[in-house]
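Colleague: starting from these lines, generate the structure:
(2 chains)
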Amino acid sequence: MAEKRKKYKILIVDDDQNILNMLDLAFINTSYDITTIDHPLHAYKMIENEHYDMVISDIQMPQMDGLTLLRKIKNFNGMIQVVMMTAHISISNTLDAFRYGAVDIFFKPFADINEIILAADGVAAKLDRVNNILRQLTDGDR
Amino acid sequence: MQPKDIKPIIKPFSIPEKSDFDILIVDDEFVNRFLLKDILEQDGYRTHEANNGTEALAAAINNKTDLILMDIMMPDMDGYETCRRLKEDPCTANIPVIFVTALTDTENLVKGFSVGAEDYLGKPIKDGEVKARVQTHLKLKAAMDKISHYNEELEQVVAESSKELIRTERQAAFGQLIQGIVHNLKGPLTTIRGSAQACRATLRMIRTEIDEAGETPLPDNPKITKLTDGAIKAIDLSETASTRLTEMINSLMSKSSADQASKPERLDLNTIVRSELNFMEGDLHFKHHIKKNIELTPSPLPIMAIAPEIAQVFNNIIGNAIDAMHGNVDQAISISTTKKNRYASLSISDTGNGIAPDNLNRIFDPFFTTKPKHNNDTPQKKGPIGTGLGLYMCMRSIKTINGDIVVESKPGSGTTFKIKIPLAEPIDIS
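Modeller: Below you'll find the model as predicted:
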């Protein structure tokens, strides 16, 4: 907490604008740089054009299903950490999310919104550690 | 796939004996009647006589008549007119009419057929011809009767099957409807819940900020403490409500879900009943005001089921029983389990007001309820959502595990629900 670290960029994708607003509020006092988008196709365009460290995406969306978005993101840049969320609680959704490389999955309505922030913190810690090693490997180029 | 038992849904139709046939002879001349009667009775038929058209019409309506032999030339009402009237009346229209006539020219024969006669016998009467024609027409009539009998039965069967089909379809559609509604409720609920939680976290941060800003530390600023405490309390309330809503939605979802996550497991019906009863003792009304007769089999009753679902069914039916006895002086519930023919059976009886016969076969339909809606007098009912769905959900749960629920009820003398669940296969220890 005290230690200053890189400000990670998170893109949140959900077709429900209210949920985006709510998540934006939930992250208000965190160190993350939050962007929200209500369209998965636009979301993918943004990921192609701009660097995001993390994506939090819904699964059921009319324009493109979140699992497809997940696969496209992972294919584009495997380093991007993706957290899925869904109101459709099923075995197949859960298993597919992990099969395609998601780091976590949350079911709507969320039991505790703080858990998502904790998940982001976990991902951030992982990225800190991995980035640290990557930096060392690239010859201490700080 | 096992071949399904085919029930003889259509009752067989037996072809009658000769002595079962009643033949009506219509002639104004005694001699002619006598002659025909003699021939037919020799052959084993039962005969009846009529003097004229009017008598013939009355006889055909009032007595069982399988065939009519009729003279054409009769005073007052002739054979043609009598025949026409017979064919007009739906009660007699199906009785074959054979004219016995000397008028065998084409014109008269055509006239006979045009009023609906089936055949004719020429005079003078010949033994063999009479027997042959009568036999042919009786056979034909028997065949026709058989067809119409089967037709009626078939129509009934079709009507019944259609009814059943419509019910099943409606219930399936209803299940899908629930899925849809529930799914759509989850979005706003996520927002409400998440916002409340985010709001609480923000309030706490504001307090910390004020504390840290330090001019007047919070413990010494009762006004801000009071306001933020109030806000947090309000948020707690909305979060509690949203938690309850989430539980309801999840239980409704799991009930109507085709993509059922939990699988049936081996359970003891008696254990479920005992633990649910234990749980219900928490309800003071149930604990103190309702007499309970409980008779469970001494040995366990293994069934393959999903525990929360069976518990829900049990809860629901007990809840209904309690509602049915609401306001009565003597309130008693009998709960018993039995083991019979590879089935475990759970019977729950109340001493309530019973169910009207008209309602009895509708109580498992979705949205059907005998309880007054939105009535504060009715104790709050446990269940996924309001009234009208409880028993529907129960039936669904029990049918999923190949069981059945039967209800017996008489208005004024209580209701008994019998839940039948197949016993689990014995565990193979080898």
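Colleague: now what about stretch A:110-121, what contacts it?
Modeller: Residues from elsewhere that reach stretch A:110-121 (CB atoms under 8 Å, 6 or more residues apart in numbering or on different chains): A:8, A:10, A:22-23, A:26-27, A:30, A:32, A:54, A:56, A:83, A:85, A:103-104, A:106, B:190, B:193-194, B:197-198, B:201. C-beta coordinates here come from the backbone N, C-alpha and C atoms, glycine included.
Colleague: of those residues, which belong to helices?
Modeller: A:22-23, A:26, B:190, B:193-194, B:197-198, B:201 (DSSP state H).
Colleague: stretch B:19-32: end-to-end distance?
Modeller: 22 Å (CA to CA, to the nearest Å).
Colleague: what's the answer for stretch B:105-124, then?
Modeller: Termini of stretch B:105-124 sit 14 Å apart (CA to CA).
Colleague: list the buried residues for it?
Modeller: For stretch B:105-124, burial by neighbour count (16 or more other CB atoms under 10 Å in any protein chain shown) applies to B:108-109, B:111-112, B:115-121.
Colleague: what residues does chain A have near chain B?
Modeller: A:16, A:18-19, A:21-23, A:25-26, A:28-29, A:87-92, A:108-110, A:112-114 (CB under 8 Å from any CB of the partner chain).
Colleague: report the contact partners of the closest residue in space to residue B:32 that isn't next to it in sequence.
Modeller: Once flanking residues are discounted, residue B:32 sits nearest to residue B:71: 6.5 Å by CB to CB, 6 or more residues apart in numbering or on different chains. Contacts for residue B:71 (CB under 8 Å, 6+ apart) come out as B:26-29, B:32, B:79, B:99-101.
Colleague: among those, which one lies nearest to chain A?
Modeller: Minimum distance to chain A across those is 77.8 Å, recorded for residue B:99 (CB to the nearest CB).
Colleague: so how far is residue B:114 from the closest one?
Modeller: Distance, residue B:99 to residue B:114, by CB to CB, to the nearest Å: 12 Å.
Colleague: quick revisit: widest-spaced pair of the ones in helices among the contacts of stretch A:110-121?
Modeller: B:190 and B:201 (16.3 Å; CB to CB).
Colleague: of those two, who's got more company?
Modeller: Taking other CB atoms under 10 Å in any protein chain shown, residue B:190 and residue B:201 do not tie; residue B:190 has more neighbours (27 against 19).
Colleague: so the more buried one sits right up against residue A:107, yeah?
Modeller: No: when contacts are counted by CB atoms under 8 Å, residue B:190 is not listed as touching residue A:107 (9.4 Å).
Colleague: what is in contact with the two at once?
Modeller: When contacts are counted by CB under 8 Å, 6+ apart, residue B:190 and residue A:107 are jointly contacted by residue A:87.
Colleague: pLDDT weak spots in the chain?
Modeller: In the absence of a named chain, this looks at chain A. A:1-6, A:139-142 (pLDDT under 70).
Colleague: nope, chain B
Modeller: In chain B, residues with pLDDT under 70: B:1-15, B:168, B:171, B:214-220, B:251-262, B:282, B:367, B:370-388, B:428-430.
Colleague: the domain parsing of it - what is it?
Modeller: The record's domain parsing of chain B by automatic domain parsing lists B:20-125, B:170-256, B:265-422.
Colleague: for stretch B:402-413, which positions count as buried?
Modeller: So, applying 16+ other CB under 10 Å, buried residues of stretch B:402-413: B:403, B:405, B:407, B:409.
Colleague: I should have written stretch B:418-430 there, sorry.
Modeller: B:418-424.
Colleague: now render those residues as JSON lines, adding distance to chain A and secondary structure.
Modeller: Formatted as JSON lines, the buried residues of stretch B:418-430 follow (distance: CB to the nearest CB, whole Å; DSSP: H, G, I helix; E, B strand; the rest coil):
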{"residue": "B:418", "distance to chain A": "34", "secondary structure": "strand"}
{"residue": "B:419", "distance to chain A": "28", "secondary structure": "strand"}
{"residue": "B:420", "distance to chain A": "30", "secondary structure": "strand"}
{"residue": "B:421", "distance to chain A": "26", "secondary structure": "strand"}
{"residue": "B:422", "distance to chain A": "26", "secondary structure": "strand"}
{"residue": "B:423", "distance to chain A": "29", "secondary structure": "strand"}
{"residue": "B:424", "distance to chain A": "24", "secondary structure": "coil"}
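Colleague: which of those sit farthest apart?
Modeller: B:418 and B:424 (19.1 Å).
Colleague: longest helix of chain A?
Modeller: Longest helix in chain A, counting by DSSP H: helix A:114-137.
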